[in-house]
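A.B. asks: sequence unknown, structure follows:
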Ligand SMILES: Nc1nc2c(c(=O)[nH]1)N[C@H]1C(S)=C(S)[C@@H](COP(=O)(O)O)O[C@H]1N2
Ligand SMILES: [Mo]
């Protein structure tokens, strides 16, 4: 028997069962206290901005899956040391398991909203992990003295395999329990006080391959610092409005829904989006005017920042002057006719037209603190990102795809453009191979805060061609050709793609 290998697997296998059991317990109590998620969140918090940027650029929405996976792999690798220790003295193995659990518990406890009960999943991990370790040791103990007795050897391998199956089952059960809790889709939202007309049909049918005029919730981009999707109970959720205000208050979900609701069509985009990138979406949001909440609290003149805090303690800063300049800033509870999906901030999030999401769109928000930039810095501010970041006007080619092979003849070039500035999207132009800029046809308008679809019919001739687009807003400002990376205040430049016509 390759006993070294078997002994090295004892720690990871026992650890996996412990972690999975802890995940299930956390699913029922506090999901973010699950050791895997707690350690992962701490790692994310301490990842340098360039690395995070790189992860978002390369793995997109899978960046978290990759990160959790890496944390798991590292933990399991470290735990290969547990088996040999335990083989010499079982108590040493158990002590090593407990040490790992202490690390996890520390991570869980350093989360801003953590309570003392958040150590429970880590304790479960230690107890279950140690128990499984001791069980496997006993099986191994029986196998070794008569190292030829294949029955015992088989027992060890079966024990290991069984433990892996148990770990997978517990982990999956945890994942499902988290999903089942308090389903947002069971909530019925009241209608807006002042309903707005339905959006006109876009170019979805006429221009195959174009972004739909309204982004379906299921395909709306997702960008946040969370590994898990926070599971917030609407019944126990509270929003506090405090800081430099005359009348601080907290409000629950039902009372929030009793306030007048507005509905707005707003395009949301991420500062990390590169020109032509995928982190942009457009939806109809239902919610309470941010102004109504601020008025109720009575904002003092000295405040210049709204520091919003999410359920995990993550903070986002918004310039008060911009949020309160009359734009349709809102605390949204609905997205495209349904309650906010968990991924997009259930039960409530901020949506502020014209500002990148990282300074405006706090999901799972629990607190709005009126403060000053001198007194408090939010998550991304501490990481060097801009505090004042209006969305740069931009446009994207959706079809044809970059490097697509086309047939000569009529080709429809189409995409979307946004300019949440004066007058919205006034014009989109297309350029082929560095020729003149040609005005494209615009789809219907959904208002200045909403993107606009566009298309241009092109007679494609054989060869390789470069296609570009640019937008002009209502005040005559043209999308800038100056290339800028997302950091620190959003990308700029002109998207150009190459296609081959055969
Ligand atoms: N609580 C919380 N809210 C957040 C974030 C976050 O990391 N945590 N990310 C912000 C960023 S960077 C963007 S671009 C938008 C994205 O919103 P979406 O995921 O619903 O598309 O949410 C914002 N709100
Ligand atoms: Mo973002």
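C.D. replies: Perfect, I can see it now. Since this is a predicted model, take the numbers as computed values, not measurements. Ligands and ions are numbered 1, 2, ... in the order given.
A.B. asks: stretch 309-317: which residues count as buried?
C.D. replies: 309-317 (16 or more other CB atoms under 10 Å). The C-beta positions use only the backbone N, C-alpha and C, and glycine is treated the same way.
A.B. asks: likewise stretch 374-391?
C.D. replies: By neighbour count on 16+ other CB under 10 Å, the buried set for stretch 374-391 is 377-381, 383, 385-387, 389-391.
A.B. asks: and what of stretch 337-344?
C.D. replies: Neighbour-count burial for stretch 337-344 flags 339-344 (criterion: 16+ other CB under 10 Å).
A.B. asks: gap between it and the chain center?
C.D. replies: Taking the mean of its C-alpha atoms, stretch 337-344 sits 13 Å from the chain's own mean (CA atoms, centre = their mean, to the nearest Å).
A.B. asks: can you get me the start-to-end distance on it?
C.D. replies: The first and final residues of stretch 337-344 sit 14 Å from each other (CA to CA, to the nearest Å).
A.B. asks: give me phi/psi at residue 339?
C.D. replies: Backbone geometry at residue 339, expressed as degrees, to the nearest 10, gives phi -60, psi 150.
A.B. asks: sketch out the low-pLDDT regions of the stretch 151-300 of the chain for me.
C.D. replies: Applying pLDDT under 70 to the stretch 151-300 of the chain picks out residues 151, 182.
A.B. asks: my error: substitute the stretch 351-500 of the chain in the last question.
C.D. replies: For the stretch 351-500 of the chain (pLDDT under 70), the answer is none.
A.B. asks: quick one, helices of it?
C.D. replies: Using DSSP state H, counting those that start in this stretch, the helices assigned to the stretch 351-500 of the chain run over residues 379-382.
A.B. asks: look up how far residue 110 lies from the residue in it positioned nearest to ligand 1.
C.D. replies: Residue nearest to ligand 1 within the stretch 351-500 of the chain (CB to the nearest ligand atom): residue 357, separated by 2.5 Å. Distance of residue 357 to residue 110, given as CB to CB, to the nearest Å: 26 Å.
A.B. asks: okay, these two: which has more neighbours?
C.D. replies: The neighbour comparison of residue 357 against residue 110 (other CB atoms under 10 Å) goes to residue 357, with 26 against 14.
A.B. asks: that one contacts residue 269, doesn't it?
C.D. replies: Yes: contact criterion CB atoms under 8 Å: residue 357 and residue 269 qualify, at 6.8 Å.
A.B. asks: SS state for residue 234?
C.D. replies: The local conformation at residue 234, judged by DSSP: H, G, I helix; E, B strand; the rest coil, is coil.
A.B. asks: tell me how many other residues crowd it.
C.D. replies: Residue 234 sits with 20 neighbouring residues when counted by other CB under 10 Å.
A.B. asks: and if you look at residue 68?
C.D. replies: Residues near residue 68, counting by other CB under 10 Å: 19.
A.B. asks: tell me if it really is in a strand.
C.D. replies: No: counting by three-state DSSP, residue 68 is not found in a strand; it is helix.
A.B. asks: what about it, distance to residue 456?
C.D. replies: Applying CB to CB to residue 68 and residue 456 gives a distance of 43 Å.
A.B. asks: now what about stretch 196-203, what contacts it?
C.D. replies: Stretch 196-203 has contacts (CB atoms under 8 Å, 6 or more residues apart in numbering) with 210, 212-214, 263-265, 284, 414, 443-444, 446, 453, 455.
A.B. asks: go with 7 Å
C.D. replies: For stretch 196-203, the external contacting residues (CB atoms under 7 Å, 6 or more residues apart in numbering) are 210, 212-214, 263, 265, 414, 443-444, 446, 453, 455.
A.B. asks: report the entries of those residues that also contact ligand 2.
C.D. replies: Among the contacts of stretch 196-203, no residue sits close to ligand 2 (CB under 5 Å from the ion).
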